[in-house]
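1. predicted model follows, preceded by the sequence.
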Amino acid sequence: MFNIVERHKRVVQIILGLITLPFAFFGVDYYFRQGSTSLDVATVAGEKITQQQFNQTLAEQQERMRAQLGANFDPTMFDNPEVRFALLQQLINRQLLQDKASQEAFRVPDAQMQQFIAGQAAFQENGQFSPDRYKQVLAGQNMTPAGFEDQLRRDLLLAPLQEPMSLGNIVARASGERYLGLSEQRREVQAAAIDSEPYIPGTRIDDAAVKAFYDANAASLQTPEQAKIEYVMLTLDALAGQAPIDPAEIKAQYESNVKQYTKPEEREAAHILIAVKPGAGDDAKAAAKAKAADVMATATANPAKFGELAKQFSQDPGSAAQGGDLGSFARGNMVKPFDDAVFSMKVGDIVGPVETDFGYHVIRLSGIAPAKVRPLDEVKAQIETDLQRQKATQKFATAADQLQNLVYEQADSLQGAAKALGLPVQATPLLTRSQVQALAKGNAKFVQALFSPESTQAKRNTEAIEVAPNTLMAGRIIDYAPAAPRPFADVQDEIRRQLARKAASELAHKAGREKLALLEQGRSDKDAGVTFAPQVSLTRHDVQPGYSPDALKRIFQLDPAKVPQYAGAPNERGGFSIYKLAKVVESPAPDPAKLTAANTRIGEQLGRELLNAYLATLKEKADVKINQANLEKK
């Protein structure tokens, strides 16, 4: 097998990002403490995909989405059967590739693995691999070196099967140009809105219609169910507060990791850049180098004018106006040739031309700030917090088990669990389901458990539910008010207004389509009774107020060879909008860099399609069975 290890420097970074997700909450052994009783969700050529494996993948995806979306994250999106099926397909595809890699006898030798891991910055101190740092990083994620290396090896083994398809696609220049031409084409458009509000006064909603709506929609007109609850929440922060740290531990941690508390040497420099465009020929490079050499000679002859020369000649838009000043930076923050030059100079030196991918640089070193060890008093508070969190992490899995057991064994009270774990029992006023979900950090599963018949009627504890990373929550209802119909007298005016708005919207849509038909027949704007707003320039991806995605789709479906043309669509205000295509502006010829990027995107898409086709072939040859009932369990 070709040497995949040297070609996959990013794989370990991806894994380091992912391993925090499934293990951060329960610890690495959680997935194995449950024994072998969990049911399988699928089998692939006789290999089982267990419920535990599926739940782990689900947790990883949930945390990834939570990190990306923040407060907009909705955990109920993972209750969708299509989403759960897609996650299972990921596991099936991975198993298919692993089986194929095994058949082909792919392997990653231990020596190469060691060399690869040693080269990762996450495991280094001052540019050198540190075994202690390696163990510390993995321990922080509740992983052992053996477990991490096994996971890394499995991922690297799949690369020879995926990369020839996903990275080996060549896209014709014409395809990239066509893609950019469609993507960047602009259309000059005017909009006219037929609002629904003016039609409201002319609507007449009789009492019978209001009563019929009330009878047909009684469930949606109810007051929502509400509950007063009490709950306990187990978090790492709560446990950390229960973990006093001896000053001797802080001092020992500081002394054994003093490099971690050392501020590296920084250097202050300025430069003059004579830029070279990507893909430039030898003549252009030679001319730029010669010009940089001339500037270098002038700067060396009169160092005091370096800033003026930078303002006059430098083609770095970020620093030229500041006399080329780059501020202070540590080693590794600049591209390597520039970095090597700066960190080999003495204060006052001027060197150049130094070649990088950006062009040729003339560099002046202005100052050196030597490495400095931060004193213990300065970092003591942070060390104490880190040690408390480490102890809390070690204790968390045990505390989670204890909480789960206690809320089950003492099902009619949370007091025993709270006392045993040193947690407060918190109480609320009457809350709706949505308010409880907000309290539970957006977790829908907690709401479902709390408002189950067992909880609302018997007022028993819920199980301890993971509502966020490193956060368990258990609750019980202490007072419950079920949903109740609102009297007709209280809602009839609200219903009447709602029906009037609906009727007015239908009238606006009818009027809009009639005006659109007149315009399409060649009638003038005035004859059609339409007044268009000033033109706006749009691309296919310009979602602007008044131009919804559906409106853009309709606008860009119009024939560019025929203007003016018209399209219409309901708008977000309940009315109807008519769009007039006045002009089509074709995109200019793309520059080489943009064309290269477009070809790369197209190639990646083709690669994904080829890989999916390959996986489909593997799936046809394998015996794949899915247990739908177990997949739908939550």
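-> That came through, no problem.

2. contacts for stretch 527-543 next, please.
-> The contact list for stretch 527-543, computed with Cβ atoms under 8 Å, 6 or more residues apart in numbering, reads 182-192, 515, 518-519, 525, 544, 546-547, 549, 552, 555-556, 578, 580, 582-583, 585. All C-beta spots, glycine's among them, are computed from the backbone N, C-alpha and C.

3. now that we have these, which of them are buried?
-> Using 16 or more other Cβ atoms under 10 Å as the burial test, the contacts of stretch 527-543 include 184-185, 187, 189-192, 515, 518-519, 525, 547, 552, 555-556, 578, 580 as buried.

4. R608 belongs to a strand?
-> No. Using DSSP: H, G, I helix; E, B strand; the rest coil, the assignment for R608 is helix, not a strand.

5. helix/strand/coil for E620?
-> Relying on three-state DSSP, one would call E620 helix.

6. export stretch 484-501 to CSV, keeping only CA atoms.
-> The C-alpha trace of stretch 484-501 is given here as CSV (Å, rounded to 0.1, in the frame of the first residue of the first chain):
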residue,chain,number,x,y,z
ALA,A,484,-58.1,23.3,28.5
PRO,A,485,-60.4,24.7,25.8
ARG,A,486,-60.7,28.5,25.6
PRO,A,487,-64.3,29.7,25.7
PHE,A,488,-65.7,30.7,22.3
ALA,A,489,-66.5,34.2,23.6
ASP,A,490,-62.8,34.7,24.4
VAL,A,491,-61.5,33.8,21.0
GLN,A,492,-64.2,34.7,18.5
ASP,A,493,-62.7,38.1,17.7
GLU,A,494,-59.3,36.6,17.3
ILE,A,495,-60.7,34.0,14.9
ARG,A,496,-62.6,36.6,12.9
ARG,A,497,-59.4,38.7,12.4
GLN,A,498,-57.5,35.5,11.3
LEU,A,499,-60.2,34.6,8.8
ALA,A,500,-60.4,38.2,7.5
ARG,A,501,-56.6,38.2,6.9
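
7. could you pull out the helices for the stretch 151-300 of the chain?
-> In the stretch 151-300 of the chain, the segments counted as helices under DSSP state H, counting those that start in this stretch are 159-166, 173-184, 207-216, 236-240, 247-256, 282-301.

8. out of the buried ones among the contacts of stretch 527-543, which sit inside strands?
-> The members of the buried ones among the contacts of stretch 527-543 that map onto strands under DSSP state E are R187, V189, Q190, A191, A192, I578, K580.

9. residues touching the first one, list them.
-> What that stands for is R187. So, once contact is read as Cβ under 8 Å, 6+ apart, R187 ends up touching S537, L538, T539, I555, F556, P560, L581, K583, V584, V585.

10. report the beta-bridge partners for it.
-> Going by DSSP bridges, R187 is paired in beta bridges with L538, V584.

11. how near is it to P570?
-> In this view, R187 and P570 are 20 Å apart by Cβ to Cβ, to the nearest Å.

12. what sits against G332?
-> Counting by Cβ under 8 Å, 6+ apart, G332 makes contact with D339.

13. which SS state does it fall under?
-> The three-state label given to G332 by three-state DSSP is coil.

14. I'd like the distance between it and E266.
-> Distance from G332 to E266, by Cβ to Cβ: 11 Å.

15. give the burial count for Q312, as a bare number.
-> Using other Cβ atoms under 10 Å, Q312 has 12 other residues around it.

16. surely it forms part of a helix?
-> Yes. Q312 sits within a helix when classified using three-state DSSP.

17. and it, how close does it get to M345?
-> Distance, Q312 to M345, using Cβ to Cβ: 23 Å.

18. thinking again about what came up before, can you put the ones in strands among the buried ones among the contacts of stretch 527-543 in a markdown table and add distance to E308 and pLDDT?
-> Shown next, in a markdown table, are these (distance: Cβ to Cβ, whole Å; pLDDT from 0 to 100):
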| residue | distance to E308 | pLDDT |
| --- | --- | --- |
| R187 | 48 | 90 |
| V189 | 50 | 93 |
| Q190 | 52 | 92 |
| A191 | 53 | 93 |
| A192 | 57 | 93 |
| I578 | 59 | 94 |
| K580 | 55 | 94 |
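
19. biggest separation within these, which pair?
-> Distance extremes for these: the farthest pair is R187 and A192 at 16.1 Å, using Cβ to Cβ.

20. so what's L97 up against?
-> L97 neighbours (Cβ under 8 Å, 6+ apart): L158, L161, Q162, L615, L618.

21. pull out the buried members of the residues you listed.
-> L158, L161, L615, L618.

22. please name the nearest non-neighbouring residue to the second one.
-> Read that as L161. Nearest residue to L161 in three dimensions, chain neighbours excluded: L97, at 5.3 Å (Cβ to Cβ, 6 or more residues apart in numbering).

23. just checking, next helix/strand downstream of whatever helix or strand that neighbour lives in?
-> Secondary structure from DSSP states H and E places L97 in helix 81-103. Downstream of helix 81-103, the first helix or strand assigned by DSSP H and E is helix 110-118.

24. in that next one, what counts as buried?
-> Buried-residue list, helix 110-118, by 16+ other Cβ under 10 Å: F116, I117.

25. where's the helix or strand just after it relative to the chain centroid, distance-wise?
-> Using DSSP H and E, the next helix or strand after helix 110-118 towards the C-terminus is strand 124-125. In terms of Cα atoms, centre = their mean, to the nearest Å, the centre of strand 124-125 is set 28 Å apart from its chain centre.

26. tell me the mean pLDDT for strand 124-125?
-> For strand 124-125, mean pLDDT is 82.

27. same check on stretch 356-370?
-> Stretch 356-370 comes out with an average pLDDT of 92.

28. all helices for the stretch 401-550 of the chain, in order.
-> Using DSSP H, counting those that start in this stretch, helices in the stretch 401-550 of the chain cover 415-421, 433-439, 444-450, 453-458, 488-520, 525-528, 549-555.

29. just these: most buried one?
-> Mean neighbour count (mean count of other Cβ atoms under 10 Å) peaks for helix 444-450 among the helices of the stretch 401-550 of the chain, with a mean of 21.

30. that one packs against which elements?
-> helix 433-439, strand 465-468, strand 471-481 (3 or more Cβ pairs under 8 Å, 6 or more residues apart in numbering; DSSP states H and E).

31. turn those into CSV, columns for mean pLDDT.
-> Shown next, in CSV, are these (pLDDT from 0 to 100):
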stretch, mean pLDDT
helix 433-439, 90
strand 465-468, 88
strand 471-481, 93
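
32. okay if I get the ones you listed as a markdown table plus distance to D623?
-> Formatted as a markdown table, these follow (distance: least, Cβ to Cβ, whole Å):
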| stretch | distance to D623 |
| --- | --- |
| helix 433-439 | 42 |
| strand 465-468 | 34 |
| strand 471-481 | 39 |
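
33. among these, which comes closest to R153?
-> R153 sits nearest to strand 465-468 of all these, at 29.4 Å, using Cβ to Cβ.

34. check contacts around R267.
-> Per Cβ under 8 Å, 6+ apart, neighbours of R267: S328, F329, V342, F343, M345, L365, G367, I368, A369.
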